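predicted model, plus sequence, below.
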Amino acid sequence: MLKAMMIAFSTYSRIPMPQIGWEKENMRYTLCFFPLVGAVTGLCSVLAFWLLLRLGAGSGTICAVLTALPILINGGIHMDGFMDTMDAKRSYKSREEKLRILKDPHAGAFAILSCGLYLLVSFGLFGEITEKEIGYVAAGYILSRTLSGLSVVTLRKARTDGMAAGTADAAWPGVKWVLAVWLAAAGGILLYLDPIRGGAVLLAGALCFWHYRRMAYRTFGGITGDLAGYFLQVCELAVLCALAAVSLAVKGS
């Protein structure tokens, strides 16, 4: 289990880990620890927010750090999937050609534009997040990875090769139940802390998952590793939108 956790952090983050052999036995439980990567990302974001506030940093600095920090921690692996997916979606070509574009290592114009727009929107939304909301943003990092992991082991794959198919094939059959426990625990804690903010985060995650499944099946015939990364990024942005809306509503009341 410890080796599986190290592989999870080595795969989905840039946090230094001892080198572990990627044997199939170790890979069986990797996705069980995917939400834990989100928990660490969330903790780092909360600590950074708290520290910058105490140091008297300006709003722009705080927003920039909070926007960049998750990408710095995960090494951009999920943003890469988001960019590849946007290139493929906006190509308006055949399904086979879209799947080929997903595997193309070059970034097209739509990928660059989408990434820039994503970062700009994220920066702006963080400006509406207060100390009361930052903990829910952190929970969103757990939620997005839990749902992304569940999609890998439960949804139809667009092709038989690739990261998503390989991860699903190697995964222990009980992984989906472990991820379901992560989801239930996160949802229960969110609703217990605040039904409004917690409910907003969960609703954002649910709507994004519905959109992701529908889009992946209709456009690509199933999911891939890039599409799982696309979902994760969209889910995190949706969580920020939901929390910013709650924050603005509270300020206006």
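That came in fine, so what should we check first? Numbering: from 1, shown residues only.

show me what contacts the residue lying closest to Ala165 once chain neighbours are set aside?
Using C-beta to C-beta, 6 or more residues apart in numbering and skipping residues adjacent in sequence, the residue nearest Ala165 is Lys157, 4.7 Å away. (C-beta placed from N, C-alpha, C; glycine too.) Listed by C-beta atoms under 8 Å, 6 or more residues apart in numbering, the contact set of Lys157 reads 164-165, 168, 222-224.

need phi/psi at Lys157.
Main-chain torsions, Lys157, degrees, to the nearest 10: phi -90, psi 150.

where helices are concerned, which of the contacts of Lys157 count?
Among the contacts of Lys157, the residues falling in helices (DSSP state H) are 164-165, 168.

which of the helices and strands in the protein ranks last by mean pLDDT?
Using mean pLDDT, DSSP states H and E, the weakest-scoring helix or strand in the chain turns out to be helix 24-27, at a mean of 69.

following it, which helix or strand shows up next?
Using DSSP states H and E, the helix or strand that follows helix 24-27 in sequence is helix 34-54.

remind me what that following helix packs against, helices and strands.
Packing partners of helix 34-54 (3 or more C-beta pairs under 8 Å, 6 or more residues apart in numbering; DSSP states H and E): helix 2-12, helix 59-74, helix 131-154, helix 175-193.

can you rerun that using 6 Å?
Here helix 34-54 touches helix 59-74, helix 131-154, going by 3 or more C-beta pairs under 6 Å, 6 or more residues apart in numbering; DSSP states H and E.

rewinding a little: top of the ones in helices among the contacts of Lys157 by neighbour count?
Compared across the ones in helices among the contacts of Lys157, Ala164 has the highest neighbour count, 25 neighbours, by other C-beta atoms under 10 Å.

any stretches of this structure with poor pLDDT?
Applying pLDDT under 70 to the chain flags residues 21-26, 252-253.
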